[in-house]
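Q: From the sequence below, what's the structure:
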Amino acid sequence: MRKWSRQDYQTMPWKNGGGSTTELAIFPEGASLENFFWRLSTAQVSTAGPFSHFARIDRSLAILSGDGLILHSDSELSSAFSVTLDPSSMPYRFAGETAIHAEPCGGAVLDLNLMTRRDVCQHFMQRLLAGEHHVVATDAQQVLLYCAQGNASLGSGDSLQAGDLILFEEEHEHAGIELHINAEESAVLYLMRISFLNQGEGNYAAMG
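A: I've put the predicted structure just below:
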């Protein structure tokens with residue numbers, strides 16, 4: 001298990017130069033935007049503009065704060081679409097190759113973005129609200145738990161405050177990961193399961 005807090009994160013320019021992003025964690029540790037297996041980040045979107053292009057990457061996006069974000073696409077690789085996301089929306093999944101234009105509904109929007117390299121691993125992101133949660137991730141080699149708002153505690157005795165991130169890793173092959181989470185009133189958490197196509201990749205350059 002490894003835990004990060006706000007002071008551990010680093011902010012950098014977007015790949016396309018149109019804004020900035022705060023990298024929460026990247027795997028393998030020390031990887032770049034060109035060779036990561038997965039990357040979790042937040043970004044503040046204050047003006048309309050295109051998303052960066054990431055070939056062979058799957059993305060999930062959640063809105064943490066703000067009025068909302070409208071995503072438009074007229075990509076030649078897929079059907080045109082428009083979707084509006086706000087803090088109550090489920091995480092939205094899309095391909096990194098899709099040409100997407102983002103437009104804030106009002107003021108600045110803060111989003112959470114998980115990217116995985118699809119020839120290496122797959123992911124699933126879900127939002128957890130206040131209450132008791134028993135998570136059994138039988139097919140995951142890694143699980144990320146991000147506290148976006150409020151506080152939460154784990155059955156292990158560990159706790160999370162807003163901005164904290166914890167990485168859990170499968171201890172034995174095919175054992176999966178099991179968590180007991182108590183999210184306090186007003187808490188908002190994001191749980192992300194990561195399954196490697198080659199399970200040995202999950203232990204490559206292990207973090208921590």
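
Q: pLDDT weak spots in this structure?
A: 14-19, 74-80, 199-208 (pLDDT under 70).

Q: Let's see that with 50 instead.
A: Low-confidence segments of the chain, defined by pLDDT under 50: 204-208.

Q: which residue is nearest the centroid of it?
A: What sits nearest the mean C-alpha location of the chain, by CA atoms, centre = their mean, is L114, with 3.0 Å.

Q: Which strands or helices does whichever strand or helix holds it pack on?
A: L114 belongs to strand 109-117 when assigned by DSSP states H and E. With contacts defined as 3 or more CB pairs under 8 Å, 6 or more residues apart in numbering; DSSP states H and E, strand 109-117 has these neighbours: strand 38-45, strand 57-65, strand 121-128, strand 142-149, strand 188-196. In short, each C-beta sits where N, CA and C put it, glycine included.

Q: and if we set it to 6 Å?
A: Packed against strand 109-117 by the contact rule (3 or more CB pairs under 6 Å, 6 or more residues apart in numbering; DSSP states H and E) you find strand 38-45, strand 57-65, strand 121-128.

Q: Would you mark the buried spots in it?
A: 109-117 (16 or more other CB atoms under 10 Å).

Q: Which residue ranges make up the domains of this structure?
A: According to automatic domain parsing, the chain comprises the domains 7-117, 121-203.

Q: For A108, which non-adjacent residue is spatially closest?
A: S46 (4.0 Å; CB to CB, 6 or more residues apart in numbering).

Q: before we move on, back to that, what's the closest of the buried residues of strand 109-117 to R39?
A: Closest approach to R39 among those (CB to CB): M115, at 4.9 Å.

Q: quick one: that closest one and E132, what's the gap?
A: Applying CB to CB, to the nearest Å, the value for M115 to E132 is 30 Å.
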